[in-house]
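Q: Sequence plus the predicted model coming up.
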Amino acid sequence: MGSTAVETVLAFVNTRADGTGRQESFGDGDSFTAWLAEYDEFGDEPGGETVATDADAAAARELRDALVTVLLAHSGDEESLGEPLRRAERHLRRAGSLYPLATVVTAGGVELASTQAGVERVFGTVLAAVTTFARSGDWGRVKACRNPPCHFGFLDRTRNGGGLYCSPGCGSQVSMRNYRARRRQEG
């Protein structure tokens, strides 16, 4: 479940609107319900699809934003360190107690699974994926892009684990902004 786990985490965190035209997937209950219908790994309610409310969408945004803060910390983003990171970690601890997980043992292996139904199952599935991937020892390689308008989650596949941006384009944007800022200060 290692690669599936990271894919689950990234599918959840990469739902924010940004300047590239990506739309907010958790804007309200209807958009969250539509997003859930696209992803099999979160599982439908027995007998139908999971229907989310506006409050569920707000809870999803809070969970996602806490995870993005942690992923930014993995990227070494100084603005996410300190109090923002402590708040995010507190929120994730609280989420861990609200959405308990169970150990599922089969002949094929062992995995964590959510014990709840509905939207709570979705949140538990995300936390199970985080836990599973973290246990692999590569949790620090799941990062958020340090380009401020982006913050897209990605798996850092660089040899030394030093990747900071989700794509070369984001790295170029940051370099160009820094260059222009230096030029303004010089002139």
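A: Perfect, I can see it now.
Q: Please count neighbours and contacts with C-alpha atoms only from this point.
A: OK.
Q: Report the contact partners of the nearest residue to D28 once chain neighbours are set aside.
A: Excluding the flanking residues, the one nearest D28 by CA to CA, 6 or more residues apart in numbering is D54, at 4.7 Å. Contact analysis of D54 by CA atoms under 8 Å, 6 or more residues apart in numbering lists G27, D28, G29, D30.
Q: Adding pLDDT and neighbour count, write those residues out as JSON lines.
A: Converted to JSON lines, those look like this (pLDDT from 0 to 100; neighbours: other CA atoms under 10 Å):
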{"residue": "G27", "pLDDT": "95", "neighbour count": "17"}
{"residue": "D28", "pLDDT": "97", "neighbour count": "18"}
{"residue": "G29", "pLDDT": "96", "neighbour count": "18"}
{"residue": "D30", "pLDDT": "95", "neighbour count": "16"}
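Q: helix or strand for T131, which one?
A: Secondary-structure assignment from DSSP states H and E places T131 in helix 118-135.
Q: what's the answer for F154, then?
A: strand 153-155.
Q: name the helices or strands packed onto the one helix or strand V6 maps to?
A: Assigned by DSSP H and E, V6 falls within helix 2-13. Contact partners of helix 2-13 among helices and strands, from 3 or more CA pairs under 8 Å, 6 or more residues apart in numbering; DSSP states H and E: helix 54-74, helix 118-135, strand 153-155.
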